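Engineer: Turn this into a structure:
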Amino acid sequence: MGGRPEPLSPLTRWYIYAVHGYFCEVMFTATWSFVAERDWRFRGVTSIWALFIYGTYGLVQEWLYLRLRGRCRLLSRGVCYTLWIYPWEFGTGYLLRHFDACPWDYSHFRYHLMGLVTLEYAFFWFVGSLLLETLIIRNALRLRLAGPRPSPPAGRLQPHKDA
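Structural biologist: Residues are numbered from 1 along each chain as shown. This next block holds a predicted model:
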């Protein structure tokens, strides 16, 4: 049997949050394109930068969740998460724009700031952050991996597993 189960490492949780965010963005952009343009190809788009952005944001939201869960109700936490998403999206977009690498541009929305964030997405960020907390973060924090297997006592032969 394996050793004592251990919580997932921060790097493993970062990876889970990164892949989750990447998948959600592809699905969101495909759905948006379908609803706005009736594009039946249902093609979603994203950027490789989204892995870093969503993975790191997930760890920040996890940190916020752990500090707010006993103090605030779920909807209040959703507001806090949404308020944090905006400076995060603006900051990462601003940095990427300096390298001509920002994959999004909200300039065509009415309530945008420098094309890097838009208030029209507030509801989506709010719902997305609540889903991230309830479906992904809570479960990632509960997951455990078996630790290393203990070594057999010296001098004792172990049968081969294929035998």
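
Engineer: ok, and the closest non-adjacent residue to H20?
Structural biologist: I136 (5.2 Å; CB to CB, 6 or more residues apart in numbering). For the C-beta atoms, the positions are set from N, CA and C on the backbone; glycine is no exception.

Engineer: tally of neighbours for that neighbour?
Structural biologist: Residues within reach of I136, counting by other CB atoms under 10 Å, total 20.

Engineer: shift numbering so it begins at 40
Structural biologist: Got it, the first residue is 40 from now on, which makes the last one we talked about I175.

Engineer: Give me the secondary structure label for it.
Structural biologist: When classified by DSSP: H, G, I helix; E, B strand; the rest coil, I175 comes out as helix.

Engineer: Let me see the confidence value for it.
Structural biologist: pLDDT for I175: 98.

Engineer: so where's the chain uncertain?
Structural biologist: For the chain, applying pLDDT under 70 flags the ranges 40-41, 187-202.

Engineer: ok, which stretches of the protein are strands?
Structural biologist: For the chain, applying DSSP state E gives strands covering 45-46, 151-152, 156-157, 183-184.

Engineer: For stretch 167-176, buried residues please.
Structural biologist: By neighbour count on 16 or more other CB atoms under 10 Å, the buried set for stretch 167-176 is G167, S168, L169, L171, E172, I175, I176.

Engineer: residues touching the third one, list them.
Structural biologist: Right, the one you point to is L169. By CB atoms under 8 Å, 6 or more residues apart in numbering, the contact set of L169 is L113, L114, R116, G117, Y120.

Engineer: wait, which of the residues you listed is closest to I87?
Structural biologist: I87 lies nearest to Y120 out of the contacts of L169, by CB to CB, at 24.0 Å.

Engineer: Against E172, how distant is the closest one?
Structural biologist: To E172, Y120 is 7 Å away according to CB to CB, to the nearest Å.
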